[in-house]
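**Student:** Output the structure for:
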Amino acid sequence: MGYAINRPQVEIEIDGEDDLQSNARFESNLGAYVGKCWDEAKTAKAVIVERLLKCERQRRGEYDPDRMMEIQRVGGSDIYMMLTDVKCRAAEAWISDVMLNQQDRVFDLKVSNTPQMPPEMRRNIIDLVRMEAEQFIAEGGELHPEIFRARMEEVHEAISQRLKQEAEDAARRMGDKIEDQLGRGKFQPELKNFINDFTTFPSAIMKGPVIKRRKGMAWGPEFTPIVMTEFVEEFERVSPYDIFPAPASTGVNDAYLIQRHRLNANSLQAMRGTPGVDNDALQTVIDRFAMSGYRTWIQGDNEERVLAGKPFRYPLLSGEVETIEFWGSVTGQYLVEWGMTDIDPEEIYEINAWWTDGIMWKVVLNPDPLGHRPYGVASWEDVPHSFWGVALPEIMRDNQTMCNAAARSIANNMAVASGPQVEVTVDRLPDGEQITEIYPWKIWQATSDRTGGGQPAVRFFQPSMNAQELLGVFMQFAKQADEVTGIPNYVYGSSAVSGAGRTASGLSMLMDNASKGIKQAIAAIDGVVAGMVQKLYIHNMMFDSDPYIKGDFRVVAKGAIGLLHKETLQMRRNEFLMATANPIDSQITGVEGRAYLLREAARGLQMDTNKIVPDQNSMEEQKIQARAQMLAQQMLQQMANQMPQQQMAAPQEALPGGMPAEGTAVPQEVPQMADGGMVPNTAEQVLRSLANTNLMQ
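**Tutor:** Got it, this is the predicted structure:
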């Protein structure tokens, strides 16, 4: 149950109103509804907060408070084995290696199998075929309806193929645009934090794209820095502690969803003038809380801060203003009362509202065409019809508990059995004898045994050492943790591998089998990545002015696919290259197919493919030049064969006897083309002649 810090007094007066009157001025039915939802969501999340804290304690290596009290009551060691942290870090590194360290982008855009053809293009096809038919009939031909239909289908198929090729080019340009937006929007570092939450908490939340103002810098004349404001599509990881779904929520798009923000004065000021903001209400929030701060403490907030290494309930002088962001459906009547226009009071609208201590200062309609909210949620293990899943620490909690118990017992047993235990008959020792001090060559003074049994006054005995049995218990439950989590120890480099894992091929087989368990987790993250990219794609389709990036595309995330092929794909490519390196296969694949294989093999080796294999356009130019050179050589050879005959027919100046005079040049007639032009005698002239006579076509 939370409680509110007393708010500071208002620093300025607004028309002589006191705090209650000023609040009432901005209070509305919409604000009351959002406040009611906020109270419900806080109460419903109390159980979830305890689960979040348990998971974080388990990964940080700290006992729950009740368990720690029991350990301290019985005494002994409070050692905590960091088995959960090892598994979480291994899973996090495994997923990051697949999602963040790929050379290619983590998504792909697939073109629709049947690209949509604009209606005007369909009409142009019909007009083209009709004109051909009319011309054919005018020339005296007889046109059959089947011929007309076949010609229309032929033109339609040619245009469809052209549309598909253009759509693939547009998909490539759209992919480049989205990749640039992801880089500028800090998607990769936020995805890394999201993966950390994914391996730690029951659910991880990613938000975006969200349009934000950001200051940028450009260089003016003489390299003068120019500070300018730009709008950027940003992404952010949302802490599971700061998300509050409706009590019966099953996802981000049903019921309502609330996110808690902690804004400073600059963040509040930057939102002034943006669409949907009531500047008067926002100014009231800034005046009251910008310097002193405002915070409502909820169950678990203090311990969350301690686990994160922050001060315990630090002063509000930091200026953080707690604000909630509401996503949900409301009636149009609420929006009309708030001041929105062009609203039907009887309709239901999906809105985004910002609310601070009863003051509603921003309301906008959800800009998504389908009403989807800019959030993505993923869990290590999904629970059907539930917002929160099952966390990796929760799956192995019993194993962690048993390993901790075994480790504490080992530590306690080692402490007890590290030296002898002493039994002392205290009534036989003189006064002042220090029985708690044992050192070499100590002399124990004792009186005679009154019982007559001759028993020693001081007797030593060695407690038994049970560490080996307890260690076996520990190893058994640690091995069981490999089974329940699907993350075996050889995944993160452990040398304790037996059986097939001792050979390279056997270890590779075990790694492939282990990856089947992680694929399901990566597939959940793929869903979030695909959702973020899909929202960027819709945003670009709606608001980007570049027509050359638009088309009917489908977003495909490649995380799980990359894991499936990453280990063996490059080896299979090399094998395929060697298998097809023969004349028969070369005739089938052609130069273009061989270039594609080489390009993909070089990309897998993280090489610059443009410096190794030319692109498609360059190869087309090379083919055209090679064809032109071949035609030029053939023409030159043909002219060379004709020139001796022309020389024999030309008149020559001869000496008596028919021999030409010594030193006299034999004139040669310049060969001519059939159309009267001069016969070219160089390759450059041949190419120019071919271009003029349309032989290049």
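**Student:** what about the strands in the chain?
**Tutor:** Assigned by DSSP state E, the chain shows strands spanning 3-4, 107-111, 204-219, 225-238, 243-245, 257-263, 296-297, 321-331, 348-356, 359-365, 375-378, 421-424, 458-461, 553-557.
**Student:** Now tabulate these in TSV and tack on mean pLDDT.
**Tutor:** Formatted as TSV, the strands of the chain follow (pLDDT from 0 to 100):
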stretch	mean pLDDT
strand 3-4	38
strand 107-111	85
strand 204-219	86
strand 225-238	87
strand 243-245	96
strand 257-263	94
strand 296-297	79
strand 321-331	94
strand 348-356	94
strand 359-365	93
strand 375-378	95
strand 421-424	88
strand 458-461	88
strand 553-557	85
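**Student:** Can you say which of these is nearest to residue 180?
**Tutor:** Closest of the strands of the chain to residue 180 is strand 225-238, at 10.2 Å (criterion: Cβ to Cβ). Using the backbone N, CA and C atoms, a C-beta is placed for each residue, glycine as well.
**Student:** before we move on, the earlier item: adding distance to residue 484, write the strands of the chain out as a markdown table.
**Tutor:** Putting these into a markdown table (distance: least, Cβ to Cβ, whole Å) gives the following:
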| stretch | distance to residue 484 |
| --- | --- |
| strand 3-4 | 40 |
| strand 107-111 | 32 |
| strand 204-219 | 20 |
| strand 225-238 | 27 |
| strand 243-245 | 27 |
| strand 257-263 | 32 |
| strand 296-297 | 36 |
| strand 321-331 | 36 |
| strand 348-356 | 40 |
| strand 359-365 | 46 |
| strand 375-378 | 20 |
| strand 421-424 | 40 |
| strand 458-461 | 42 |
| strand 553-557 | 27 |
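**Student:** for those, which one sits closest to residue 29?
**Tutor:** Among the strands of the chain, the nearest to residue 29 by Cβ to Cβ is strand 321-331 (9.1 Å).
**Student:** Show me which positions of the closest one end up buried.
**Tutor:** 321, 322, 323, 324, 325, 326, 327, 328, 330, 331 (16 or more other Cβ atoms under 10 Å).
**Student:** can you check stretch 86-101 too?
**Tutor:** 86, 87, 88, 89, 90, 91, 92, 94, 95, 98, 99.
**Student:** Would you tell me which of the strands of the chain gets closest to residue 625?
**Tutor:** Closest among those, using Cβ to Cβ: strand 107-111, at 31.3 Å.
**Student:** Please give the centre-to-centre distance between the closest one and its chain.
**Tutor:** Relative to its chain's centre, strand 107-111 lies at 15 Å (Cα atoms, centre = their mean, to the nearest Å).
**Student:** For the stretch 251-400 of the chain, which segments are assigned as helices?
**Tutor:** Assigned helices in the stretch 251-400 of the chain, in chain order: 265-270, 279-289, 301-307, 332-338, 392-395, 397-417 (criterion: DSSP state H, counting those that start in this stretch).
**Student:** most tightly surrounded among those helices?
**Tutor:** With neighbours defined as mean count of other Cβ atoms under 10 Å, those peak in mean count at helix 392-395, which reaches a mean of 22.
**Student:** I'd like the average pLDDT over that one.
**Tutor:** Averaging pLDDT along helix 392-395 gives 94.
**Student:** Residues contacting it, please?
**Tutor:** 51, 54-55, 58-59, 84, 87-88, 91, 199-200, 202, 380-381, 400, 484-485 (Cβ atoms under 8 Å, 6 or more residues apart in numbering).
**Student:** mind listing which of those are in helices?
**Tutor:** Using DSSP state H, the subset of these located in helices is 51, 54, 55, 58, 59, 84, 87, 88, 91, 400, 484, 485.
**Student:** Return the residues in contact with residue 178.
**Tutor:** Under the criterion of Cβ under 8 Å, 6+ apart, the neighbours of residue 178 are 107, 109, 533, 536, 537, 540.
**Student:** From the residues you listed, pick the one nearest residue 596.
**Tutor:** Among those, residue 109 lies closest to residue 596 (Cβ to Cβ), at 18.9 Å.
**Student:** what is the closest one paired to in the beta sheet?
**Tutor:** Counting by DSSP bridges, residue 109 forms beta bridges with residue 555.
**Student:** how much space is there between it and residue 601?
**Tutor:** In this structure, residue 109 and residue 601 are 23 Å apart, going by Cβ to Cβ, to the nearest Å.
**Student:** Which of the two has more residues huddled nearby?
**Tutor:** Neighbours were counted for residue 109 and for residue 601 using other Cβ atoms under 10 Å; residue 109 has more, 21 against 18.
**Student:** unless I'm mixing things up, the more buried one is touching residue 537, no?
**Tutor:** Yes - here residue 109 reaches residue 537: they are 7.4 Å apart, a contact under Cβ atoms under 8 Å.
**Student:** what touches both of the two?
**Tutor:** With Cβ under 8 Å, 6+ apart as the test, residue 109 and residue 537 both reach 174, 178, 553, 555.
**Student:** Could you single out the nearest of the residues you listed to residue 137?
**Tutor:** residue 553 (42.9 Å).
**Student:** That closest one: neighbour count?
**Tutor:** 22.
**Student:** ok, it - contacts?
**Tutor:** So residue 553 contacts 109, 110, 111, 112, 167, 170, 171, 174, 537 (Cβ under 8 Å, 6+ apart).
**Student:** What residue, apart from its backbone neighbours, is nearest the last one spatially?
**Tutor:** Computed as Cβ to Cβ, 6 or more residues apart in numbering, the closest residue to residue 537 that is not its neighbour in sequence is residue 555, at 6.1 Å.
**Student:** And residue 406, how far from residue 484?
**Tutor:** 17 Å.
**Student:** re earlier: hmm, which of the buried residues of stretch 86-101 is lowest in pLDDT?
**Tutor:** Lowest in pLDDT among these is residue 98, which has 77.
**Student:** any idea how far residue 529 is from that one?
**Tutor:** In this view, residue 98 and residue 529 are 11 Å apart by Cβ to Cβ.
**Student:** so what's residue 420 closest to, chain neighbours aside?
**Tutor:** The spatially closest residue to residue 420, leaving aside those adjacent along the chain, is residue 460, at 4.5 Å (Cβ to Cβ, 6+ apart).
**Student:** typo on my end, residue 285
**Tutor:** Per Cβ to Cβ, 6+ apart, closest to residue 285 is residue 356, 4.9 Å.
**Student:** Is the one you found in contact with residue 326, as I believe?
**Tutor:** No - in this structure residue 356 lies outside contact range of residue 326 using Cβ under 8 Å: 11.4 Å.
**Student:** Let me see the contact set for the residue lying closest to residue 534 once chain neighbours are set aside.
**Tutor:** Computed as Cβ to Cβ, 6+ apart, the closest residue to residue 534 that is not its neighbour in sequence is residue 555, at 4.7 Å. Contacts for residue 555 (Cβ under 8 Å, 6+ apart) come out as 107, 108, 109, 110, 530, 533, 534, 537.
**Student:** The closest residue to the first one other than its chain neighbours and residue 131: what is the separation?
**Tutor:** Closest residue in space to residue 107, ignoring its immediate chain neighbours: residue 533 at 4.7 Å, by Cβ to Cβ, 6+ apart. In this structure, residue 533 and residue 131 are separated by 44 Å, where distance is defined by Cβ to Cβ.
**Student:** swap in residue 413?
**Tutor:** 98 Å.
**Student:** Then residue 229?
**Tutor:** For residue 229, the distance to residue 131 equals 55 Å [Cβ to Cβ].
**Student:** show me the contacts for the closest residue to residue 77 other than its chain neighbours.
**Tutor:** Excluding the flanking residues, the one nearest residue 77 by Cβ to Cβ, 6+ apart is residue 411, at 3.8 Å. Contacts for residue 411 (Cβ under 8 Å, 6+ apart) come out as 76, 77, 79.
**Student:** No more questions from me, cheers.
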